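Engineer: quick one, what's the 3D model for this:
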Amino acid sequence: IILLPETITKWLFQKLQLLVYLLVEQHLQSLRNEKENHLLKIEFPITYWAAKGLFMLTLDPDHRFWSDPELPYPAERGDFVRVITAPRFVLRGVDGEVELLNAGSQVSRGNARRYGPWKWSKVAYRTGVGFLVSDDLHAYPYDAVLTAERKNGQRFGRHPTIPLTARDDHLAYTYALGTRDDGFNLPVRTDVFWNAGWILAIHRVQSFEPVRYAHGSYALGLEEGDQGLYKTMGDNYILLGSAERYSAIQSLKMLHESMTGTREEGEARRHLSQPYHATPVMRSGWESGEDVIAVLFWAGNKKEHGQPWDPVQLKEGRWQLDHPVLGNWEIRHPSLPALD
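Structural biologist: Coordinates of the predicted model:
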């Protein structure tokens with residue numbers, strides 16, 4: 001129960017009533033869309049989240065919140081990096097958008113089955129892009145994450161995570177792909193670095209059976225399928241574009257097959273913000289044993305920034321990459337493997 005101050009006027013209650021009406025109408029429309037377009041079920045907003053959204057309406061009419069001049073958001077003032085230590089988050093401002101890199105946050109195993117681990121366990125999340133969800137724990141979406149597919153068709157992504165470090169230039173964590181219920185456990189250590197809109201993800205993997213690895217970039221939301229989708233493919237590289245948004249991925253090690261993840265005919269909607277999607281994906285053959293997977297992925301509205309990098313030097317502890325627009329990127333860190 002929220003106790004509103006006496007200064008709340010009839011106007012405010014009218015606005016609250018309108019908001020409730022809109023929420024109900026949104027819920028009913030989602031149910032209609034689910035029936036007509038095979039959409040995933042969208043749960044009705046609960047009181048807790050509604051209260052968070054309406055909290056500012058409890059402020060007095062003369063509070064400075066209503067009269068102070070509007071200021072730009074931190075991401076609108078320029079790029080930034082902020083480390084939130086407790087949950088092992090790194091927040092980045094990138095070209096006016098905000099990116100979240102998550103090294104440690106997760107929920108219980110039971111809630112993972114209820115809500116889906118893809119809501120918190122991808123390498124990164126970016127405003128203005130959205131991400132993919134699923135209704136099957138054995139069909140983890142491809143976008144912005146490493147997945148491993150077994151020969152029986154099960155595809156697993158990250159969930160239980162042990163954070164190792166969260167700094168303003170590097171993240172590291174360990175986890176396992178698969179669960180004991182499926183008799184499958186594939187240990188992974190992931191190191192993450194970043195430059196401008198690009199993310200470098202290095203995964204050390206160890207599989208005890210043949211699996212096919214895949215790693216996607218950010219999923220582009222599409223209104224009407226992949227008609228008119230811009231596509232550029234190169235050596236271990238793929239760039240997709242739609243309207244004013246582009247997404248690219250480049251493999252530096254192990255992933256050599258390019259593909260585009262899309263919503264198939266008759267398949268349920270997967271993208272949070274649009275009915276359809278397209279995801280640039282790099283995939284391996286059937287592999288087993290210990291190995292290293294290294295990918296660069298990016299999203300943005302400047303196509304020239306999505307051009308591939310030239311790996312000038314990939315020595316242990318020191319990598320040097322060169323980009324035709326963004327210039328030189330040198331990384332020095334003991335976790336970097338030798339790939340030359």
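Engineer: could you measure from Gln117 over to Ser217?
Structural biologist: Wrong residue type there; residue 117 is Pro, not Gln. 19 Å (Cβ to Cβ, to the nearest Å). Backbone N, C-alpha and C define where each C-beta goes, glycine included.
Engineer: and Arg77, by the same measure?
Structural biologist: Arg77 sits at a distance of 27 Å from Ser217 (criterion: Cβ to Cβ).
Engineer: neighbour-wise, which of these two wins?
Structural biologist: Ser217 (31 against 11; other Cβ atoms under 10 Å).
Engineer: so the more buried one touches Asp143, yeah?
Structural biologist: Yes - assessed by Cβ atoms under 8 Å, Ser217 is found in contact with Asp143 at 7.0 Å.
Engineer: list residues touching both of these two?
Structural biologist: Shared contacts of Ser217 and Asp143 (Cβ atoms under 8 Å, 6 or more residues apart in numbering): Thr279.
Engineer: and the spatially most central residue of the chain, what does it touch?
Structural biologist: Compute the mean C-alpha point of the chain, and by Cα atoms, centre = their mean the closest residue is Tyr125, 3.3 Å away. Neighbour list for Tyr125: 99-100, 102, 131, 144 [criterion: Cβ under 8 Å, 6+ apart].
Engineer: element containing it?
Structural biologist: Tyr125 belongs to strand 124-126 when assigned by DSSP states H and E.
Engineer: one more: Asn111?
Structural biologist: Using DSSP H and E, Asn111 falls within helix 109-115.
Engineer: by contact count, what packs against that helix?
Structural biologist: strand 158-167 (3 or more Cβ pairs under 8 Å, 6 or more residues apart in numbering; DSSP states H and E).
Engineer: who wins for neighbours among the contacts of Tyr125?
Structural biologist: Ala144 (26 neighbours).
Engineer: give me the distance between that residue and Lys315.
Structural biologist: Per Cβ to Cβ, Ala144 is found 27 Å from Lys315.
Engineer: ditto for Lys303
Structural biologist: From Lys303 to Lys315 the distance is 31 Å (Cβ to Cβ).
Engineer: next SSE after the strand holding Tyr125?
Structural biologist: Counting by DSSP H and E, what follows strand 124-126 is strand 146-149.
Engineer: quick one: mean pLDDT over stretch 212-231.
Structural biologist: Averaged over stretch 212-231, pLDDT sits at 91.
Engineer: counting neighbours, which bits of that stretch end up buried?
Structural biologist: Across stretch 212-231, burial judged by 16 or more other Cβ atoms under 10 Å covers 212-222, 226.
Engineer: need the strands for the stretch 201-340 of the chain, in chain order.
Structural biologist: 220-222, 230-234, 237-242, 245-253, 257-262, 276-300, 310-315, 318-323, 327-332 (DSSP state E, counting those that start in this stretch).
Engineer: got those as CSV, with distance to Val94 columns?
Structural biologist: Output for the strands of the stretch 201-340 of the chain, formatted as CSV (distance: least, Cβ to Cβ, whole Å):
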stretch, distance to Val94
strand 220-222, 16
strand 230-234, 21
strand 237-242, 17
strand 245-253, 13
strand 257-262, 23
strand 276-300, 8
strand 310-315, 22
strand 318-323, 15
strand 327-332, 15
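Engineer: understood, closing this out.
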